[in-house]
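Colleague: Whatever this is, show me its structure:
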Amino acid sequence: MTNTDNPGPAVTDGGLFLGLISGTSADGIDAALLRFDARPQVLFGRTYPLPADLLADVLRLSQADARLSLDEVGRLDTRLGQAFAGAARQALADAGVPASEVTAIGSHGQTLRHDPRGPAPFTQQLGDASVIAEATGITTVADFRRRDVAAGGQGAPLMPAFHAAVLRAPDEDRAVLNLGGIANLTLMPREGEVRGFDTGPANGLMDAWCLLHRQQAYDRDGAFAAQGHVDAGLLEALLADPWFSLPPPKSTGRDQFQLQWLQARLGGQSPADVQATLCELSAATVAQALRREMPGCRRLLACGGGVHNPELMRRLAVRLPDVTVASTASAGIDPDFVEAAGFAWLARETLAGRPGNLPAVTGARGPRVLGAIHPA
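Modeller: Below is the predicted model of the structure:
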């Protein structure tokens, strides 16, 4: 059901909304419960792990060279919907909030493929919203990206409008950096339009390399990267990918920057040196993009899982010596739940009939109301 088929429940200035997302890192389902008064307030946030077998299938099927059957896609859509519904129910139980008090759920789902530049542009997120609405009894808004792609946009990133609503400052040029599987920047000058775009890999490649060589889902505290040394030749080869020189608007995903992409450029480096180089790649591409697109930036507010990687944060600070690099926690928003909070905000915008995209960010032909409404 599209967002014009049913206006959904009435939306007032207040109200509770639950945001759900499993990002490109696929490390779990982030849930954030928001109250909307004068400004959004995150009342509760928690991450719920995906079942091991479901996580393995998501990681396997999200690779660019994976061959998928329609049956696999259909079953994965339902299984992810069930997992998201379970996370929503558990989050409300943990928060002590009955489902009847929640106006709507905003569910991003799990990205399987993202190709907004091809001859038939598309983006695909799984996690059947009908399953979520049925299992929770809460109106669910989902499928936020496809309307923007249909309007000629990238369908990503979608968080800049939310970032601007809650983190923009009238006296400072600042940016928000999301360090998920993929890194993306929101540029918020004191004056002028807000812009945003993906910069390349953040945690996704490091996670995959760490899992391959350490059998660990991620590089805890950046310890693996800290053991190695940056290989200048490998870094140069990685940075030579033409995607990095594309001008915004642009977006990417795990299906582009994945192990096969990395392995095609390796030359016998030690695993630790590769991890250190991947960490440097993430920092370098963010810093280069920020310097190029917003040289006057003075504060970079980081969120996402990469905030907990001190080696990555250190490398960012080294490459941006005249920029204050800090967590969004310094601005009052838990860095682990900014994106989940953003999808709660987008659900509210959809129900109110307000656009959720920024054409200057995505390249769409104009503002669009995003998402499909699945009534309770």
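
Colleague: Please name every helix or strand in contact with the longest strand belonging to the chain.
Modeller: The strand that spans the most residues within the chain, counting by DSSP state E, is strand 102-115. The elements that strand 102-115 packs onto, with contact taken as 3 or more Cβ pairs under 8 Å, 6 or more residues apart in numbering; DSSP states H and E, are strand 16-22, helix 52-61, helix 70-95, strand 122-126, helix 129-136, strand 140-142, helix 338-351. Placement of C-beta: from N, CA and C, glycine included.

Colleague: By mean pLDDT, show me the worst of those.
Modeller: Mean pLDDT is lowest for helix 52-61 among the helices and strands packed on strand 102-115, at a mean of 87.

Colleague: So what touches it?
Modeller: By Cβ atoms under 8 Å, 6 or more residues apart in numbering, the surrounding residues in contact with helix 52-61 are 22, 26, 49-50, 66, 68, 72-73, 76, 79-80, 83, 110, 112.

Colleague: and this structure, what are its domains?
Modeller: According to automatic domain parsing, the chain comprises the domains 16-155+336-374, 160-331.

Colleague: Let me have these in JSON lines, extended by mean neighbour count.
Modeller: Compiled in JSON lines, the domains of the chain are given as follows (neighbours: other Cβ atoms under 10 Å):
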{"stretch": "domain 16-155+336-374", "mean neighbour count": "20"}
{"stretch": "domain 160-331", "mean neighbour count": "19"}
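
Colleague: and the angle from the helix or strand of the chain with the lowest mean pLDDT to strand 102-115?
Modeller: Of the helices and strands making up the chain, the lowest-confidence element is helix 52-61, at a mean of 87, by mean pLDDT, DSSP states H and E. Going by axes from the mean of the first three to the mean of the last three Cα atoms, to 10 degrees, helix 52-61 is angled at 40 degrees with respect to strand 102-115.

Colleague: distance of the residue of the chain positioned farthest from its centre from Val274?
Modeller: Among the residues of the chain, the one whose C-alpha is farthest from the average of all C-alpha positions is Gly268, by Cα atoms, centre = their mean at 32.1 Å. Computed as Cβ to Cβ, to the nearest Å, the Gly268 to Val274 distance reads 10 Å.

Colleague: first to last residue in stretch 203-223, what's the distance?
Modeller: Across stretch 203-223, the terminal residues are separated by 14 Å (Cα to Cα, to the nearest Å).

Colleague: Show residues contacting that stretch.
Modeller: Identification of contacts with stretch 203-223 by Cβ under 8 Å, 6+ apart yields 24-25, 27, 179-182, 224-225, 254, 257-259, 262, 271, 274-275, 278-279, 281-282, 304-306, 308-312, 314.

Colleague: mind running it again at 6 Å?
Modeller: When contacts are defined by Cβ atoms under 6 Å, 6 or more residues apart in numbering, stretch 203-223 is touched by residues 24-25, 181, 224-225, 254, 257, 259, 262, 271, 275, 278, 305-306, 309-312.

Colleague: Work out the gap between that stretch and the centre of the chain.
Modeller: On the basis of Cα atoms, centre = their mean, to the nearest Å, the separation between the geometric centre of stretch 203-223 and that of its chain is 18 Å.

Colleague: now the spatially closest residue to Ala26 that is not a sequence neighbour: how far from Gly118?
Modeller: Taking Cβ to Cβ, 6 or more residues apart in numbering as the measure, Ala26 lies nearest to Val58, with 5.0 Å between them; neighbours along the chain are not counted. For Val58, the distance to Gly118 equals 22 Å [Cβ to Cβ].

Colleague: on that earlier part again, distance to Thr362 added to the helices and strands packed on strand 102-115, as CSV?
Modeller: Supplementary listing: those in CSV, determined by distance: least, Cβ to Cβ, whole Å:
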stretch, distance to Thr362
strand 16-22, 18
helix 52-61, 25
helix 70-95, 24
strand 122-126, 11
helix 129-136, 21
strand 140-142, 18
helix 338-351, 13
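
Colleague: And the ones you listed: which comes nearest Pro247?
Modeller: Closest approach to Pro247 among the helices and strands packed on strand 102-115 (Cβ to Cβ): strand 122-126, 20.1 Å.

Colleague: The closest one versus helix 70-95: what angle between them?
Modeller: Per the same axes, to 10 degrees, the angle that strand 122-126 makes with helix 70-95 is 60 degrees.

Colleague: neighbouring strands for strand 122-126, and are they parallel or not?
Modeller: Partner strands for strand 122-126, per DSSP bridges, with pairing direction: strand 102-115 (antiparallel).
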